[in-house]
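*Asks:* make a model of this:
(one chain, ligands or ions: 1)
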Amino acid sequence: MVRSVDTESVIGRGTLYVVATPIGNLSDITLRALDVLKTVDVIAAEDTRVTVRLLDRHGIAGKLVAVHEHNERRAAGRIIGMLAEGKSVAVVSDAGTPGIADPGAQVVAAARDAGYAVVPVPGPNAAAALLSVSGFGTSRFLFCGFLPSRAAERRRALAELAAQTATLVFYEAPHRVIECVTDICAAMGGDRDIVFGRELTKMHETVHRCRLDAAVAWLQTDENHQRGEFVLAVQGAPEMQQPDEADADATLGILLDELPLKQAVALAVRLTGGSRNVLYQRALALKEKSPDKGSAPA
Ligand code: SAM
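*Replies:* Predicted structure coming up:
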């Protein structure tokens, strides 16, 4: 049974609605989002020309105002002014969920600080859309947004992410996708998989999964593969197998009889494949029990 929402009764004065809109296909909008957009006093849009197409498609005569100032704080100030007048305001971005790699976070923070109700009206988001079809583990994922455009900063950011075991999600512009994927492969190694989500929900939607060391070649096989909007999901680093505690202690015990602590730990990491931190802590515990262990000269 489909229940319709009586929006008149739920629209609150002085309330900010954060409304997700389509990321391509204009039909991807929830019934509740349409109800809210129809009923609020003001729709605050990132770009009114984009939002008017959506409103026209759904027959909504908008009370649309542009809050596309480059200074998001000023835009937030204007919206707080409307809430103070008792107006209900829906904030929308050009595509997807406001505040996710889009303006919106500052107005939400300001409205909450000022004590106004802030209500989510959830819907499309490019990262969630790709994750849902990626086939990767989704119990843990890390949304990384856009990587820095300068190569040195981007490589530094990727080096910090390389050991992350959660699935990683990036947004990328088409003119930078080759450099970005080249750097991801260099930082993470070629044997992990990547899934490209290109033009999701649009006519040329492409979802392509391959190894990272084959990813640039795929982008280059067809110029169309480099066009449009991209979201990328990258398989997380493999979880380190923790050796059985008794085995780890036995290995460390032997090594600590012959070697100083740091060398014993380094060798135990290579022999057992365990985490350096965990083995270091266990080695310290063993040394506490038998202070002579790990004291052999280097
Ligand atoms: N707020 C949006 C969301 O919830 O996903 C993201 C806005 S961000 C300014 C725009 C970026 O999102 C694009 O450059 C692209 O990386 C990604 N994106 C948006 N729509 C997409 C689509 N249809 N297919 C693939 N990626 C998309």
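*Asks:* number of nearby residues for the nearest residue to Asp193 once chain neighbours are set aside?
*Replies:* Spatial nearest neighbour of Asp193, chain neighbours left out: Gln235 (4.7 Å); criterion: CB to CB, 6 or more residues apart in numbering. Every residue, glycine included, has its C-beta placed from N, CA and C. Number of residues near Gln235 (other CB atoms under 10 Å) recorded here: 22.
*Asks:* what do you get for Asp257?
*Replies:* Counted with other CB under 10 Å, Asp257 comes out at 14.
*Asks:* what residues does the stretch 51-200 of the chain put near the ligand?
*Replies:* When proximity is defined by CB under 6 Å from any ligand atom, the stretch 51-200 of the chain lies next to the ligand at 93, 95-97, 100-102, 125-127, 171-173, 197, 199-200.
*Asks:* switch the cut-off to 8 Å
*Replies:* Residues of the stretch 51-200 of the chain lying close to the ligand by CB under 8 Å from any ligand atom are 93-102, 124-130, 146, 170-173, 197-200.
*Asks:* quick one on the thing from earlier: give me the pLDDT for the residue nearest to Asp193.
*Replies:* On the pLDDT scale, Gln235 is placed at 97.
*Asks:* wait, it touches Asp191, no?
*Replies:* No - the pair Gln235 / Asp191 is not scored as a contact, 9.4 Å apart, by CB atoms under 8 Å.
*Asks:* and the residue lying closest to Thr272 once chain neighbours are set aside, what element?
*Replies:* Excluding the flanking residues, the one nearest Thr272 by CB to CB, 6+ apart is Pro243, at 4.0 Å. Pro243 is part of no helix or strand, with elements assigned from DSSP states H and E.
*Asks:* likewise Gln263?
*Replies:* helix 261-272.
*Asks:* show the average pLDDT along that helix.
*Replies:* 89.
*Asks:* domain assignment for the protein?
*Replies:* 13-124, 127-234, 245-289 (automatic domain parsing).
*Asks:* local confidence estimate at Ala296?
*Replies:* At Ala296, pLDDT is 74.
*Asks:* next, work out how far apart it and Ala266 are.
*Replies:* In this view, Ala296 and Ala266 are 14 Å apart by CB to CB, to the nearest Å.
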